[in-house]
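*Asks:* Sequence below, structure please.
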Amino acid sequence: MNKKTILSKKIIRQINKSISDSEHKINIDFLKKEKYYNYEIEEWYGEEFGIKGELRKKIIETLLKTYFEWKNELDKLNKEYYLAIWLYNPRMLKSEIVCAIDEKITYYNHESFLSNNKNPEFDPKQIEELSAKLEQFTWVKKFDLDSVREWEINFPKGQYESEKEYNKDQKFYNKLIREKFHVVEKDNEKIYFHPKGDVWIGKLK
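*Replies:* Numbers count the residues shown, from 1 in each chain. Have a look, this model is predicted:
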């Protein structure tokens, strides 16, 4: 059994445990207070490896199960709400269910991701076992972004473990600065965002 298979089985056990412990259940009290709530497949945004087969199916099943359970609870509020599946690719372990109410609806509808118009058609048949359920949703493609702050770019060379690691990071940072894919300034510091893949936002039709 290779490392990817072992890791996949470990993550499936973690997902099963989170479901048995009801960690995927919506917390309405938290939602009413903070105006948003989410359930993440992996809080630590885990390994970036090709997720296929049993693990991929388990992730999608869990997202769908959680979505419909939350929808039933949110419908009881008798008010407008945001509810969506955030399906990341290839970083599928980042995938989550997100809901919001009141003033947070606008943020999640319009401001939480940058649009990605390259090949914007989602093909549910990529996941054959669950394609019928996925086809119940409208899918919109966005960018999955990671960020680098200025303090990271200016991290002292002498505090690196090796010159090789320092040179590797500097090459990457210089490319970020040149390309300026998406840059924001916060607390007098620039934050450079760069794409790691896609995130498909799925809402029930």
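*Asks:* What number of residues are in the vicinity of the spatially closest residue to Trp139 that is not a sequence neighbour?
*Replies:* Once flanking residues are discounted, Trp139 sits nearest to Phe122: 3.6 Å by C-beta to C-beta, 6 or more residues apart in numbering. Any C-beta I mention is one placed from the backbone N, CA and C, and that applies to glycine too. Number of residues near Phe122 (other C-beta atoms under 10 Å) recorded here: 20.
*Asks:* SS state for Phe122?
*Replies:* coil (DSSP: H, G, I helix; E, B strand; the rest coil).
*Asks:* ok now do it, which residues does it touch?
*Replies:* Phe122 is in contact with 134, 139, 141, 200, 202, counting by C-beta atoms under 8 Å, 6 or more residues apart in numbering.
*Asks:* now for those residues, which pair is the farthest apart?
*Replies:* Leu134 and Lys141 (14.1 Å; C-beta to C-beta).
*Asks:* From the contact counts, what lies against the biggest strand by length in the chain?
*Replies:* Secondary structure of the chain per DSSP state E: the longest strand is strand 189-204. If contacts are counted by 3 or more C-beta pairs under 8 Å, 6 or more residues apart in numbering; DSSP states H and E, strand 189-204 sits against strand 81-89, strand 137-149, helix 150-153, helix 163-179, strand 182-186.
*Asks:* how far does the longest helix along the chain sit from the chain's center?
*Replies:* Identified as the longest helix of the chain according to DSSP state H is helix 53-75. Chain-centre distance of helix 53-75: 14 Å, with C-alpha atoms, centre = their mean, to the nearest Å.
*Asks:* Any buried residues in it, and which?
*Replies:* Burial within helix 53-75, assessed by neighbour count using 16 or more other C-beta atoms under 10 Å, is assigned to 55-60, 62-64, 66-67, 70, 73-74.
*Asks:* Report the backbone C-alpha coordinates of that helix in PDB.
*Replies:* Below are the C-alpha coordinates for helix 53-75, written out as PDB (Å, rounded to 0.1, in the frame of the first residue of the first chain):
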ATOM      1  CA  GLY A  53     -11.400   7.100  -6.200                       C
ATOM      2  CA  GLU A  54     -12.800   6.400  -2.700                       C
ATOM      3  CA  LEU A  55     -11.600   9.600  -1.100                       C
ATOM      4  CA  ARG A  56     -12.900  11.800  -3.800                       C
ATOM      5  CA  LYS A  57     -16.300  10.100  -3.600                       C
ATOM      6  CA  LYS A  58     -16.300  10.400   0.100                       C
ATOM      7  CA  ILE A  59     -15.600  14.100   0.000                       C
ATOM      8  CA  ILE A  60     -18.400  14.800  -2.500                       C
ATOM      9  CA  GLU A  61     -20.900  12.600  -0.600                       C
ATOM     10  CA  THR A  62     -20.100  14.500   2.600                       C
ATOM     11  CA  LEU A  63     -20.500  17.900   0.900                       C
ATOM     12  CA  LEU A  64     -23.800  16.900  -0.600                       C
ATOM     13  CA  LYS A  65     -25.100  15.300   2.600                       C
ATOM     14  CA  THR A  66     -24.200  18.400   4.600                       C
ATOM     15  CA  TYR A  67     -25.600  20.800   2.100                       C
ATOM     16  CA  PHE A  68     -29.100  19.200   2.100                       C
ATOM     17  CA  GLU A  69     -29.100  18.900   5.900                       C
ATOM     18  CA  TRP A  70     -28.200  22.500   6.300                       C
ATOM     19  CA  LYS A  71     -30.800  23.600   3.700                       C
ATOM     20  CA  ASN A  72     -33.500  21.900   5.700                       C
ATOM     21  CA  GLU A  73     -32.400  23.800   8.800                       C
ATOM     22  CA  LEU A  74     -32.000  27.200   7.100                       C
ATOM     23  CA  ASP A  75     -35.400  26.900   5.500                       C
END
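*Asks:* Good, wrapping up.
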